[in-house]
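# I'd like to go over a predicted model; first the sequence, then the structure.
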Amino acid sequence: MMLTALGLMSGTSLDGVDVALIETDGRQIKAFGPSGYRRYTDGERSLLRQALMEAVHLPQRDARPGVLREAEQAVTRAHAEAVATFTAQNRISCQDIDIVGFHGQTVLHRPERKLTVQIGDGLALAKAIHIPVMHDFRAADVEAGGQGAPFVPVYHRALAQSLNREGPLVVVNIGGVSNITYIDGTDTLIACDTGPGNALLDDFMYREMHQPFDTEGRFAAQGKPDEAWIAQALTLPFFALPPPKSLDRNDFAQLRLGAMAPADGAATLTAFTAAAIARVVPLLPKPPKSWIVSGGGASNLTMLRMLRERLAPATVEAAQTLGWAADAIEAQAFGFLAARGLKGLPLSYPTTTGVPIPMTGGIIARP
Ligand SMILES: Nc1ncnc2c1ncn2[C@@H]1O[C@H](COP(=O)(O)OP(=O)(O)OP(=O)(O)O)[C@@H](O)[C@H]1O
Ligand SMILES: CC(=O)N[C@H]1[C@@H]2OC[C@@H](O2)[C@@H](O)[C@@H]1O[C@H](C)C(=O)O
């Protein structure tokens, strides 16, 4: 049975809430609906930054000490507003939506402690928007011993079905953190986080240039990467680990650039993300022939150029050039995952998160 699912994603970049509608049976994509975006206000973003700092000491998934309670309420409210605006603008009635997939905001990811925390109140959201809400997608996976991330691979596989690209094909999502899905035409999906995405660069741009990000990579284009710094950073043990593996947004936040001009700093961090993605190639069964780049990083032209240099002779294409809605893919994915969760289909596999057996997940809250 086809479902109309609305996906809501608030990623590690802390920029805002992506909204996307999708028609799917959880296996195939029947149609894409519209997508939308609700930016976090400066106040919300600084509350979320405080919540990330406070979450470092969280003992368990449902604890909400200090500012975390207030941050959770803000996340829920922002999502409710995002849905209200989206449905009004697109003249969609809440009765037309079967399920909402609500990722929430990750504030801590420590799978080795069986702990991954996404704040956002599923029940309060369901009551506010009058639609059933699926949430807590990652909990069952980490509880069973999986990494709890990445979860978009099943959706990347569904998207890739419509493509005619020479395999193996990799879809790489460059958000706050980067992750890949390796698809070789067999049933086996291989996936992992690869290292930084835009988060280090965003934090650097904010500190040095008082800008939220490096628009189209124009600033980094004026600088020169410090290859010795990148080679040193790539000696961190994470990069040599085989997939599956996952990261917390702030796992590399302690890395410090040496003294260099700001443009060289931006170039170095952009090249570090590209080099960390390329570092995964020897850890895959075969070298990929085609790469498709999604997430906000696909809008960074310097990032795309650096990826092409490091992945040649493989082809590198931005998802939007294939007609995919690069910025909406993760929101679509959580709509798709909600449909899968409703049907009890696996959300994660031993080869995507390291969970011992294919695992369904998500908790449903009804209005
Ligand atoms: N026009 C642009 N030019 C350069 N970079 C951009 C542009 N638009 C977005 N970005 C980058 O993409 C980031 C947002 O990416 P995205 O929305 O994919 O992240 P996310 O969903 O929060 O992260 P994650 O996938 O880690 O959950 C911004 O913070 C910025 O670094
Ligand atoms: C714990 C968590 O929220 N991880 C995010 C983060 O952002 C990118 C990368 O790290 C990925 O592993 C994941 O998000 C995507 C949507 C995923 O699960 O596939």
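It's in. Numbering: from 1, shown residues only. Ligands and ions are numbered 1, 2, ... in the order given.
# Determine the number of other residues adjacent to the nearest residue to Glu143 once chain neighbours are set aside.
Among residues not flanking Glu143 along the chain, Lys114 sits closest, at 6.1 Å (C-beta to C-beta, 6 or more residues apart in numbering). In this view, the C-beta of every residue, glycine as well, is placed from N, C-alpha and C. Counted by other C-beta atoms under 10 Å, the residues lying close to Lys114 total 16.
# these two touch, right, Lys114 and Ala139?
No: between Lys114 and Ala139 there is no contact under C-beta atoms under 8 Å: 9.5 Å.
# tell me the secondary structure for the residue of the chain positioned farthest from its centre?
Going by C-alpha atoms, centre = their mean, the residue of the chain most distant from its centre is Ala259, 31.1 Å out. Counting by DSSP: H, G, I helix; E, B strand; the rest coil, the backbone at Ala259 sits in coil.
# Strands along the stretch 101-250 of the chain, start to end?
Along the stretch 101-250 of the chain, the segments classed as strands by DSSP state E, counting those that start in this stretch run 115-119, 133-135, 169-174, 177-183, 189-196.
# neighbouring strands for the first one, and are they parallel or not?
Each strand pairing with strand 115-119, determined using DSSP bridges, is listed with its direction: strand 99-110 (antiparallel).
# Same question for the last one.
The strands beside strand 189-196 in its sheet (DSSP bridges) come out as strand 177-183 (antiparallel).
# any idea of the mean pLDDT for the strand it pairs with?
For strand 177-183, mean pLDDT is 97.
# What lies in contact with that strand?
Identification of contacts with strand 177-183 by C-beta atoms under 8 Å, 6 or more residues apart in numbering yields 12, 149-150, 152-153, 156-157, 160, 167-173, 189-197, 199, 243, 246-247, 249, 273, 276-277, 280, 284-285, 288, 295, 297, 352.
# Can you get me a residue count around the nearest residue to Ala261 once chain neighbours are set aside?
Nearest non-adjacent residue to Ala261, counting by C-beta to C-beta, 6+ apart: Gly223, 6.6 Å away. Per other C-beta under 10 Å, the neighbour tally for Gly223 reads 20.
# ok, now how distant is Gly223 from Ala267?
3 Å (C-beta to C-beta, to the nearest Å).
# repeat for Glu216
14 Å.
# SS state for the closest residue to ligand 2 within the stretch 251-367 of the chain?
Closest residue of the stretch 251-367 of the chain to ligand 2, C-beta to the nearest ligand atom: Glu330 (4.8 Å). What three-state DSSP gives for Glu330 is helix.
# Same check on the one 4 residues further on?
Using three-state DSSP, the structure places Phe334 in helix.
# correct me, but it touches Gly7?
Yes: at 3.8 Å, Phe334 and Gly7 qualify as touching, with contact defined as C-beta under 8 Å.
# coming back round to it: thought Val17 was touching the residue of the stretch 251-367 of the chain closest to ligand 2, still the case?
No: at 10.9 Å, Glu330 does not count as touching Val17 under the criterion of C-beta under 8 Å.
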